[in-house]
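Student: would you be able to build a 3D model of this:
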Amino acid sequence: MVEDVDSLIRPGTSFGDLEVLEEIGSGAFAVVYRAHHALLDRAVALKVIDPTQWAHLEDARDEILAEARMVARIDDPHVVTLHQVHRVSDVTWAFEMEYLNGGSLRDRLKTDGPLDPSEARRILEALLRGLDAAHRHKIVHHDIKPGTVLLGKDGAVKLTDFGLGRFVAEDDLARGPRGPL
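Tutor: The predicted model follows:
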């Protein structure tokens, strides 16, 4: 039987050194919370994988760990840092990640409208640096959109959500989607 994720982790609950504070986002396979790591006294993002969204739960573990391993390989100031993977239950996993306090680019565009050209260029350059770091590790993101670009109030721009990312051969990176570059 699959647990109800909400009964395991929700605002106001704790596990280990983490206190779950509020939901800050959700997607097809996960809910993301802002949490506080009490021992380290820092804010973190906690991405909780919803096992009910997997057609084959036995495949979920491999997919979840593949995403974690991909993200863990990339050490770059323009990619969100994965601190730890927690096994919450037999089928529920949570990624403890760096928290950015400025929301997503999608949120910013909804709130403020189009970016001025200099801000758009700054964000695009940071995003390209993050993608370059991923590509140096032979990882292609496959889901670049304003919702996967996170912003910090300090000006940080970081790429997140490599759930659809895949390792590729070096010749595939050089060839590109439609042939040689």
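Student: right, and Trp93 touches Val85 too?
Tutor: Yes. Trp93 lies in contact with Val85 (C-beta atoms under 8 Å); the separation is 6.2 Å. The way it works is simple: take the backbone N, C-alpha and C, and place the C-beta from them, glycine included.
Student: check the gap between Arg122 and Leu151 for me.
Tutor: From Arg122 across to Leu151, the span is 11 Å (C-beta to C-beta, to the nearest Å).
Student: neighbour count for these two, which is higher?
Tutor: Neighbours per residue (other C-beta atoms under 10 Å) separate Arg122 from Leu151, with Leu151 holding more: 19 against 14.
Student: ok, and the closest non-adjacent residue to that one?
Tutor: Distances taken as C-beta to C-beta, 6 or more residues apart in numbering place Gly102 nearest to Leu151, at 3.6 Å, with adjacent residues excluded.
Student: and the strands in this structure?
Tutor: Ranges of strands within the chain are 14-15, 18-26, 30-37, 42-49, 82-87, 93-98, 139-140, 149-151, 157-159, 166-167, based on DSSP state E.
Student: output the contacting helices and strands for the longest one.
Tutor: If I follow you right, that is strand 18-26. The contact analysis (3 or more C-beta pairs under 8 Å, 6 or more residues apart in numbering; DSSP states H and E) places strand 18-26 against strand 30-37, strand 42-49.
Student: the same query, at a cut-off of 7 Å, please.
Tutor: Judged by 3 or more C-beta pairs under 7 Å, 6 or more residues apart in numbering; DSSP states H and E, the packing partners of strand 18-26 are strand 30-37.
Student: just list what the strand it packs on packs against, helices and strands only.
Tutor: Packed next to strand 30-37, using 3+ C-beta pairs under 7 Å, 6+ apart, are strand 18-26, strand 42-49.
Student: who touches the longest one?
Tutor: Spelled out, that is strand 18-26. Residues from elsewhere that reach strand 18-26 (C-beta atoms under 7 Å, 6 or more residues apart in numbering): 9-14, 31-38, 46, 96.
Student: out of those, flag the one nearest to Leu128.
Tutor: Leu128 has its nearest neighbour among these in Val32, at 24.2 Å by C-beta to C-beta.
Student: turn the helices and strands packed on strand 30-37 into TSV, columns for mean neighbour count, distance to Ile74 and mean pLDDT.
Tutor: Converted to TSV, the helices and strands packed on strand 30-37 look like this (neighbours: other C-beta atoms under 10 Å; distance: least, C-beta to C-beta, whole Å; pLDDT from 0 to 100):
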stretch	mean neighbour count	distance to Ile74	mean pLDDT
strand 18-26	16	20	92
strand 42-49	22	16	92
